[in-house]
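*Asks:* for reference, the sequence and a predicted model appear below.
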Amino acid sequence: MEVLSVRVPKELKNHMKEVDFNWSEEIRQFIEERIHAYQKEQAIQTFRTLLNGLLPAPRGTTRAYIRSDRDSH
């Protein structure tokens, strides 16, 4: 593992000592969640860009697919 140092105000550090948390794990989980959220947002933006370049389906396409699917069962 790598080491990451974070500077916090002395008052905050004192408050952290009062709370019984594994601060390393809390911070690691927070960073992982933020990265996951960022990656998700990037993927959504990529899909939106790709979808904006597509032509819309002709009217009635969805209805035709649904009927076709229902008729095949």
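*Replies:* Looks like it arrived, so ask away.
*Asks:* what are the ranges of the helices in this structure?
*Replies:* Secondary structure of the chain (DSSP state H): helices at 10-18, 23-52, 61-71.
*Asks:* got the angle between the longest one and helix 10-18?
*Replies:* To tie it back to what came earlier, the one meant is helix 23-52. Between the axes of helix 23-52 and helix 10-18, defined by axes from the mean of the first three to the mean of the last three C-alpha atoms, to 10 degrees, the angle is 110 degrees.
*Asks:* before we move on, back to that, of the helices of the chain, which shows the lowest average pLDDT?
*Replies:* Mean pLDDT is lowest for helix 61-71 among the helices of the chain, at a mean of 91.
*Asks:* coming back round to it: turn the helices of the chain into TSV, including mean neighbour count and distance to residue 3.
*Replies:* Any C-beta I mention is one placed from the backbone N, CA and C, and that applies to glycine too. Below are the helices of the chain laid out as TSV (neighbours: other C-beta atoms under 10 Å; distance: least, C-beta to C-beta, whole Å):
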stretch	mean neighbour count	distance to residue 3
helix 10-18	9	17
helix 23-52	10	10
helix 61-71	10	54
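*Asks:* now these in JSON lines, with distance to residue 1?
*Replies:* Below are those laid out as JSON lines (distance: least, C-beta to C-beta, whole Å):
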{"stretch": "helix 10-18", "distance to residue 1": "21"}
{"stretch": "helix 23-52", "distance to residue 1": "9"}
{"stretch": "helix 61-71", "distance to residue 1": "50"}
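*Asks:* and of those, who's closest to residue 2?
*Replies:* Among those, the nearest to residue 2 by C-beta to C-beta is helix 23-52 (11.0 Å).
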